[in-house]
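K.L.:
need a structure here:
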Amino acid sequence: MVFSRIKANGRRRKDRSESWEDYDEVRPSLLHKIIRIILIVIVLILVLAAVFTILAERWAFSYWRTLQIDEIIYHLTAPLEGTGGNVINAFIAKCIVPTAVIMILITVLTIYAQRYRWYNIFLLVEYLVAILIIVFGVRNAWTRLDIGTYLRNQNNDSDFIETKYVDPDDVEITFPEEKRNLVYIFLESMEMTYADRESGGGFKENIIPELTELALENESFAGGKNELNGGYVVPGATFTMGGLFAQTSGLPLQVGLKATIFDGHGSMNEMGTQEHFFPSITTIGDILEDQGYNQVFFLGSDAAFAGRNLYFEEHGDYKIKDLIYAEKKGWISNSDLDNTWGMFDWRLFDHAKDELLRLAEKDEPFNFTLLTVDTHFEDGFLCPYCDNEYGDDRYANVMACSSRQVTEFVEWIMEQDFYENTTIVLCGDHTTMDSDFCDGVDRDYNRRVYTAYINSAVSPESTNAYRTYTTLDNFPTTLAAMGVQIEGDRLGLGVNLFSLEPTLYEVYGQKLMSELNKKSEFMEQISEFDPTTEEYKAYLERHGVDTTSMTNSSESGAESKKEKVEPAEPIVEREITY
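P.N.:
Here you go, the predicted structure:
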């Protein structure tokens, strides 16, 4: 029996010895282990890219239903300084956090699956699914954003802007003996669309009745029709900084420009790295500054966002009174902000009244420019003075609230002594980017920004002309409303709407939009972008671009003007009669 046990144990040892030998034969080498680890890392990176792509894309298209590629490029290249916290928080909550959670789960599952024979098949499935998701995401974004057309336009240079641009420095501009004050209010995301259909809007119910009445009683260039009219938003003016730029300069803020040959980055919204913002152009701020106007840019958010402070200080020496100024004055504390952008509009209007009274006491005329924020997408910001008129439709409640507050502010101005010699302009900065607010609007309806010229010094030469215009036309029209005479009635790409001169949209129709979507060497040149600044180099380095080969050989402005490239298709003008 003992012998049997010894023999049996011997067999077991032999069996174990054979198992060890077999295991030694199949045990992976160190090289195989390294290769497997690398493959696992590659698969996990692809999975990470796939998860992030699909979540980011889903978030972006739900947050910005009408998102356009120029807006993406603009905001991706803009500094984050001054960005509303709601956007950043939403991105973290909807994209970063879910991606991290999903990746932790997938990584744990991938490690756990190594003990099974089907592990290699599992890795292959992960790899293929990740590739399919990435391909689907890229294809979906390519189609929805029409990236193909955008890229073709960037390679198809157009001289349309250059040939149609009217430089204010080449035009005789004559101010009246008694110069009028200007109050210009940019209304965040405000459209005429929000009025009822009978009033020219696109909604069944009018949610901005006060603003509607204000426009109908004043001027929006609707001719003899008792309805609203407003400006179309052109490419390059579909976001706040683009809207401000277009309405005050008569130019679109091109965002796909290649200001330097050293890299492939569009540098148009890298203006935060510059000391100047289109320094060679003349804007309404420059013109009024030359005429001795005191100019103030008043807003409840951080003016540093998108280079707004740089632009308004560069063109007109505006005194910037923004969220940072408000904090210094004790109007609000950084730890107790009204919303993720800064101050509620009601607080802004309260302090704006004091500022206007202060400006009115001075001997010089003034230009008071204000930008609201409550109606910013997504769904706006409900302040303590907003009613619950539309139930769960928060954005409608905010728009209705804004309509009342803006109108009350305008009515207050009308009661002041300085109003008699003051022109007021109300205009949406761009159409809303809210994901679903305009879903019920007829597809054939042409969405335009809200527009109203109040207490103008002049009337339209044709009282029956329903004008078709863009926000580019606000530049010369605002000056004309102040009683300023403009030789030829054109400035920038804009037309004085009080005149009989046809707008570019009336002449070219949708061809105008097509041309403004194309790359413009002229815009590159007048931006006078300097790629040799240390700030720009640091920006590129943060984005992984080698800057060691950069030189100071780049030219800008008129000295580097290139030969014009003719448009691929002839541009046909339409004859306009009133």
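
K.L.:
next, give phi and psi for the residue nearest the centre of the chain.
P.N.:
In the chain, the residue lying closest to the centroid (Cα atoms, centre = their mean) is residue 239, at 3.0 Å. Backbone torsions of residue 239, given as degrees, to the nearest 10, read phi -140, psi 170.

K.L.:
I'd like the numbering to begin with 54 instead of 1 from here.
P.N.:
Will do, 54 is the new start, and the previous item becomes residue 292.

K.L.:
correct me if wrong: it contacts residue 483.
P.N.:
Yes - at 6.0 Å, residue 292 and residue 483 qualify as touching, with contact defined as Cβ atoms under 8 Å. From N, CA and C alone the C-beta is placed, and that goes for glycine too.

K.L.:
which of the residues in stretch 87-103 are buried?
P.N.:
Applying a neighbour-count criterion of 16 or more other Cβ atoms under 10 Å, one finds 93, 96-97, 99-103 buried in stretch 87-103.

K.L.:
no wait, stretch 166-178
P.N.:
Going by neighbour count (16+ other Cβ under 10 Å), the buried part of stretch 166-178 is residue 176.

K.L.:
then stretch 336-346?
P.N.:
Buried positions in stretch 336-346, judged by neighbour count with 16+ other Cβ under 10 Å: 336-342, 346.

K.L.:
before we move on, what about stretch 370-377?
P.N.:
The neighbour-count check on stretch 370-377 (16+ other Cβ under 10 Å) flags 371, 373-377 as buried.

K.L.:
save these as JSON lines, and put in pLDDT and distance to residue 536 too.
P.N.:
Formatted as JSON lines, the buried residues of stretch 370-377 follow (pLDDT from 0 to 100; distance: Cβ to Cβ, whole Å):
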{"residue": "371", "pLDDT": "98", "distance to residue 536": "22"}
{"residue": "373", "pLDDT": "98", "distance to residue 536": "27"}
{"residue": "374", "pLDDT": "98", "distance to residue 536": "27"}
{"residue": "375", "pLDDT": "97", "distance to residue 536": "30"}
{"residue": "376", "pLDDT": "95", "distance to residue 536": "34"}
{"residue": "377", "pLDDT": "95", "distance to residue 536": "35"}
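
K.L.:
between those, which is nearest residue 235?
P.N.:
Each of the buried residues of stretch 370-377 was scored against residue 235 by Cβ to Cβ, and residue 371 proved nearest at 12.2 Å.

K.L.:
what sits against residue 344?
P.N.:
Residues near residue 344 by Cβ atoms under 8 Å, 6 or more residues apart in numbering: 228, 232, 418.

K.L.:
residue 351 too?
P.N.:
Residue 351 touches 374-375, 401, 404-405, 408, 421-424, counting by Cβ under 8 Å, 6+ apart.

K.L.:
the residue nearest to residue 284 when sequence neighbours are not counted and residue 354, how far apart?
P.N.:
In this structure, residue 284 finds its nearest non-sequential neighbour in residue 524, 4.3 Å apart by Cβ to Cβ, 6 or more residues apart in numbering. Relative to residue 354, residue 524 is positioned 20 Å away (Cβ to Cβ, to the nearest Å).

K.L.:
then residue 433?
P.N.:
Counting by Cβ to Cβ - residue 433 and residue 354 are separated by 14 Å.

K.L.:
same check, this time on residue 340
P.N.:
In terms of Cβ to Cβ, residue 340 sits 26 Å off from residue 354.

K.L.:
which stretches of the stretch 454-603 of the chain form helices?
P.N.:
For the stretch 454-603 of the chain, the helices defined by DSSP state H, counting those that start in this stretch cover 527-534, 557-561, 563-569, 574-580, 587-595.

K.L.:
return the most buried member of the ones you listed.
P.N.:
Compared across those, helix 527-534 shows the largest average neighbour count, a mean of 27 (mean count of other Cβ atoms under 10 Å).

K.L.:
and the contacts of that one?
P.N.:
Identification of contacts with helix 527-534 by Cβ under 8 Å, 6+ apart yields 226, 235, 237, 272, 284, 299-303, 336-337, 340, 476, 478, 480, 504, 506, 509-511, 539, 542-545, 547-552.

K.L.:
filter the residues you listed down to the buried ones, ChimeraX style.
P.N.:
Of the contacts of helix 527-534, the buried ones go into a single ChimeraX selection, burial set by 16+ other Cβ under 10 Å:
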select :226,235,237,272,284,299,300,301,302,303,336,337,340,476,478,480,504,506,509,511,539,542,543,544,545,547,548,549,550,551,552
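
K.L.:
out of the contacts of helix 527-534, which sit inside strands?
P.N.:
Under the assignment DSSP state E, these contribute 226, 235, 237, 476, 478, 480, 504, 506, 539, 543-544, 547-548 to strands.

K.L.:
of all those, which two lie farthest apart?
P.N.:
Longest span within the ones in strands among the contacts of helix 527-534, Cβ to Cβ: 226 and 504, 22.4 Å.

K.L.:
wait, what's in contact with residue 376?
P.N.:
Counting by Cβ under 8 Å, 6+ apart, residue 376 makes contact with 352-356, 385, 390, 394-396.

K.L.:
who are the packing partners of the strand or helix carrying residue 264?
P.N.:
Assigned by DSSP states H and E, residue 264 belongs to helix 262-270. Where contact means 3 or more Cβ pairs under 8 Å, 6 or more residues apart in numbering; DSSP states H and E, helix 262-270 is packed against helix 447-467, strand 475-481, strand 504-507.

K.L.:
thank you kindly, that will do.
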